[in-house]
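Trainee: compute the structure for the input listed below.
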Amino acid sequence: MNGSFNKSESFVAGYPSGSSPGQEIPIKISLPYPYFKLSFQPGRNDKFSLSYNYSDRRNNHRNATKFTTESVTVTQVTPTHVLNAQWTKFFNNSFFMNLRFGMVLFTMNLHAKGDNPNVTDAVTSISSGNYWRNKDDYTRNRFQINADATKFIDNLAGTHELKFGGEAQLAFTTWYVYGVTDPLTGGCSIRKYGANYDRVLTLVNNGFDRRDNVVDLHGFVQDNWAVTRKLNLSLGVRVEYNSVVYPKQNTSEGPISFQGKVYDRSIPNTLKMFKWLNAAPRVGLIYDLFADGKTLFKVSWSRYILPNQTGWINLSHPNGWFGYYQYLTAAGTPIPGYTTPWAMPGGFKNGGAQIGYKDWDLKAGYTDEFTVGIEKEFWRDWSIGARYIRKWDRNQPNLVDAAQLDIDKLLTTGELDWSKNWVQVTGTDPFDNQPVTYWKKTNLMANQQYIVNPPGADRDYDGVEFTLNKRFSRRWALNISYVYAKSRGLITTARADESLGGGSGGFFQDPNAHTNALGTLPLERRHQIKMEGLIKGPWGINLSGYFRYLKGLPWTRVIQARLVGVTLPQGSYTIYAEKRGSRNLPDFKQLDLRLEKTLRLKVLTLGVFADCFNVFNMGVATAVWNDSSSKATPFGQMTAINDPRIFQLGARFEF
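Mentor: Coordinates of the predicted model:
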């Protein structure tokens, strides 16, 4: 049994809005983390273990910025329960099995601090009142059963470690949004110009209550085969069944008419939106060059099916956001007929995103990985290694708008033909006075969305790794590695990136998104050096350290259409003004140290430790202002910095 409690305080410059330096409200975040584990062995052939941990991230000032008052921020409560149970059964010396059960119950509750609407002054950008929705509650619960068995086989063209098993996983998500209702305007978020009202955002039926389910069934078999003393093969295959299900929901709401169109957010019967069945083979080879266990040549190829998630087809769900802007008089009364959509129900029921197109069914994305390397033990406890890694992601699900480009030509040949609905216009980039091209939309209302696997929605990675390892002996250990990495492609691994967005910036919805888009991906660290060491000192005192050098993250200069003199009917658009990833943030270097003392008191073990993160207190920009067309902030100015030197004291009890 052990536990931890983490409590931190940080400040956002200028929060709450109008505060002077030194007067900011501290943002306090607490995180309790108790952990319990029980192991027992009723007999020599059976072993049981049960573990449980709980965490709850609490934050009373979520969304704090220099433009928000304290009342606008949100209280966050995030209780999470994790339970694991395992039974290991030994039938004989050559055969055993494991049976596991796992459960994760995750909830994130975001609640407003009052029932007043949110009010934003368009002149100052300051937000006051309360958060614009009273509740934003999200749950993600997962239940999983795993079973595997291992059989050791001798004298069958060598020796075998044969492992086989299966897995069943059920995941259930809910999303409940309940908005604020302003007595005067009827909406939840108001925009004003000084004392004058301008518009209000209204949620239809005050929000939504949504459900999504995921079903995964997997089976695998793998054989680690020692063919000879020098040659070892690893052969395996994993078969996966994946599906996403929309359960029955929102049946009482019924159809709703808005601006001459009828929308329906209900799902009267459970629907299986897709089902995938895939095989993922894996093969590896280890060859002992001199049959002494000191020089190993390794090569492998593996396929991994992208993890199943509701996000792949999120835009096909009809039950979600439904809201509109109502424009107001200066006094706050509605202007008749002056209403514009904010977010309309989409999905397969409302003319929104459809899954698949004609004969092109939506398929599971996958990653292929190839590695080849060599490892050499050059003297006792010391080894060096070199490895080449190649990864390529294909079949990435993405959203294609057939009203914007020729989807048949795209899926057949991979060509991007935007002539349906776009024409080019030019402007001048004020940064270097060079001409710049934007695309103008000719029919603003055209919309035919399909979730498919478009050619070009790819991602590639190459890496070379060198390692120097000193195994723990003589009371110390050391690991050093260097990695050279190169990534490229359209679809990045950054959260909330362009991989499956429903907005105008999607790669297969707007040609502006392709301007200079091919380049280095934003999370790449081209060069990485890492060093980890441990010294076991006398009297139970241990010293460990971790140093890392990381090449600065790539970033790209961007420009806005309206700020370079280009007027677009679809609204202003920001494009890459240079090849993506042309610039880099400063390189990151940090040393972390831990000093620990362990005491054994009969059945109790007490550990006391002191941590120092960022020992040399090095400050490095982690984000900069990348819009060279905007004068709001100087181009290239730092907007975020890494954490300063942090000291941490702690204790650990084990029994």
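Trainee: so for residue 549, what's the nearest residue that isn't a sequence neighbour?
Mentor: With CB to CB, 6 or more residues apart in numbering as the measure, residue 529 is the residue that lies nearest to residue 549, at 4.3 Å, once sequence neighbours are left out. In this view, the C-beta of every residue, glycine as well, is placed from N, C-alpha and C.
Trainee: measure that neighbour to residue 88 for me?
Mentor: Between residue 529 and residue 88 the distance, using CB to CB, to the nearest Å, works out to 40 Å.
Trainee: equivalent analysis for residue 243, please.
Mentor: Counting by CB to CB, the gap from residue 243 to residue 88 is 31 Å.
Trainee: try residue 441
Mentor: Computed as CB to CB, the residue 441 to residue 88 distance reads 61 Å.
Trainee: so between the two, which is more surrounded?
Mentor: Taking neighbours as other CB atoms under 10 Å, residue 441 and residue 88 compare with residue 441 leading, 21 against 15.
Trainee: any idea how far residue 569 is from that one?
Mentor: When distance is defined by CB to CB, residue 441 is 6 Å away from residue 569.
Trainee: the residue sitting furthest away from the middle of the chain sits in which helix or strand?
Mentor: Largest separation from the mean C-alpha position in the chain: residue 155, at 47.0 Å (CA atoms, centre = their mean). Secondary-structure assignment from DSSP states H and E places residue 155 in no helical or strand segment.
Trainee: counting neighbours, what do you get for the nearest residue to residue 159 once chain neighbours are set aside?
Mentor: For residue 159, ignoring the flanking residues on the chain, the nearest one in space by CB to CB, 6+ apart is residue 226 at 4.6 Å. Taking other CB under 10 Å as the criterion, the count of residues near residue 226 is 16.
Trainee: show me the contacts for residue 226.
Mentor: Contacts for residue 226 (CB atoms under 8 Å, 6 or more residues apart in numbering) come out as 158, 159, 160, 232.
Trainee: how about 7 Å then?
Mentor: When contacts are counted by CB atoms under 7 Å, 6 or more residues apart in numbering, residue 226 touches 158, 159, 232.
Trainee: next one: it from residue 235, what distance?
Mentor: Distance, residue 226 to residue 235, by CB to CB: 12 Å.
Trainee: could you pull up phi and psi at the residue farthest from the centre of the chain?
Mentor: Listed backbone geometry of residue 155 is phi 60, psi 40, with angles given as degrees, to the nearest 10.
Trainee: what's the answer for residue 248, then?
Mentor: phi -60, psi 130.
Trainee: leaving out sequence neighbours, find the closest residue to it.
Mentor: Leaving out its chain neighbours, residue 248 is closest to residue 270 (CB to CB, 6+ apart), at 5.4 Å.
Trainee: then residue 287?
Mentor: residue 297 (4.5 Å).
Trainee: now for whichever strand or helix holds that neighbour, which elements pack on it?
Mentor: Secondary structure from DSSP H and E places residue 297 in strand 295-305. Packing contacts for strand 295-305, counted by 3 or more CB pairs under 7 Å, 6 or more residues apart in numbering; DSSP states H and E, involve strand 271-288, strand 366-379.
Trainee: each with direction, which strands does that strand pair with?
Mentor: strand 271-288 (antiparallel), strand 366-379 (antiparallel) (DSSP bridges).
Trainee: give me the contact list for that strand.
Mentor: 240, 278, 280-289, 364, 366-376.
Trainee: picking up where we left off before, got the buried residues for the helix or strand where the residue nearest to residue 549 lies?
Mentor: Counting by DSSP H and E, the element that carries residue 529 is strand 527-536. Of the residues in strand 527-536, those buried under the neighbour-count criterion (16 or more other CB atoms under 10 Å) are 528, 531, 532, 533, 534.
Trainee: one more: stretch 99-106?
Mentor: Under the neighbour-count criterion of 16+ other CB under 10 Å, stretch 99-106 has 99, 100, 102, 105, 106 buried.
Trainee: report the contact partners of the fourth one.
Mentor: In this case it means residue 105. Residue 105 makes contact with 80, 81, 141 under the criterion CB under 7 Å, 6+ apart.
Trainee: those, buried ones only, as a ChimeraX selection?
Mentor: Selection command for ChimeraX covering only the buried members of the contacts of residue 105, criterion 16+ other CB under 10 Å:
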select :80
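Trainee: would you turn the contacts of residue 105 into JSON lines with pLDDT and distance to residue 403?
Mentor: Supplementary listing: those in JSON lines, determined by pLDDT from 0 to 100; distance: CB to CB, whole Å:
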{"residue": "80", "pLDDT": "97", "distance to residue 403": "42"}
{"residue": "81", "pLDDT": "98", "distance to residue 403": "46"}
{"residue": "141", "pLDDT": "98", "distance to residue 403": "38"}
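Trainee: report pLDDT for the residue nearest to residue 650 when sequence neighbours are not counted.
Mentor: The shortest distance from residue 650 to any non-neighbouring residue, by CB to CB, 6+ apart, is to residue 609 (5.4 Å). With respect to pLDDT, residue 609 scores 91.
Trainee: do residue 241 as well
Mentor: On pLDDT, residue 241 comes in at 98.
Trainee: could you check how far it is from residue 2?
Mentor: With distances defined as CB to CB, the gap from residue 241 to residue 2 amounts to 38 Å.
Trainee: residues near the closest residue to residue 342 other than its chain neighbours, how many?
Mentor: Here the nearest residue to residue 342 in space, its sequence neighbours aside, is residue 323; by CB to CB, 6+ apart that works out to 4.3 Å. Residue 323 has 19 neighbours, counted by other CB under 10 Å.
Trainee: cool, and residue 573?
Mentor: 21.
Trainee: about what we covered before: would you format the strands paired with strand 295-305 as a markdown table with mean neighbour count and distance to residue 454 included?
Mentor: Written out in a markdown table, the entries for those read as follows (neighbours: other CB atoms under 10 Å; distance: least, CB to CB, whole Å):
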| stretch | mean neighbour count | distance to residue 454 |
| --- | --- | --- |
| strand 271-288 | 15 | 16 |
| strand 366-379 | 15 | 15 |
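Trainee: for residue 447, which of the ones you listed is the nearest?
Mentor: Nearest to residue 447 among these is strand 271-288 (20.2 Å), distances taken as CB to CB.
Trainee: dump the closest one to PDB, restricted to CA.
Mentor: Taking C-alpha atoms only, strand 271-288 is exported to PDB below (Å, rounded to 0.1, in the frame of the first residue of the first chain):
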ATOM      1  CA  LEU A 271     -26.700   1.200 -34.300                       C
ATOM      2  CA  LYS A 272     -23.400  -0.500 -35.100                       C
ATOM      3  CA  MET A 273     -21.600   2.200 -37.100                       C
ATOM      4  CA  PHE A 274     -18.700   0.100 -38.400                       C
ATOM      5  CA  LYS A 275     -17.000  -3.200 -37.800                       C
ATOM      6  CA  TRP A 276     -13.400  -4.000 -38.700                       C
ATOM      7  CA  LEU A 277     -11.700  -7.300 -38.800                       C
ATOM      8  CA  ASN A 278      -8.000  -7.200 -39.300                       C
ATOM      9  CA  ALA A 279      -4.900  -9.400 -39.000                       C
ATOM     10  CA  ALA A 280      -1.600  -7.800 -37.800                       C
ATOM     11  CA  PRO A 281       1.400 -10.100 -38.400                       C
ATOM     12  CA  ARG A 282       4.700  -9.700 -36.600                       C
ATOM     13  CA  VAL A 283       8.100 -11.300 -37.300                       C
ATOM     14  CA  GLY A 284      11.400 -10.900 -35.700                       C
ATOM     15  CA  LEU A 285      14.900 -12.400 -35.900                       C
ATOM     16  CA  ILE A 286      17.800 -12.400 -33.400                       C
ATOM     17  CA  TYR A 287      21.100 -13.900 -34.600                       C
ATOM     18  CA  ASP A 288      24.000 -14.400 -32.300                       C
END
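Trainee: sounds good, over and out.
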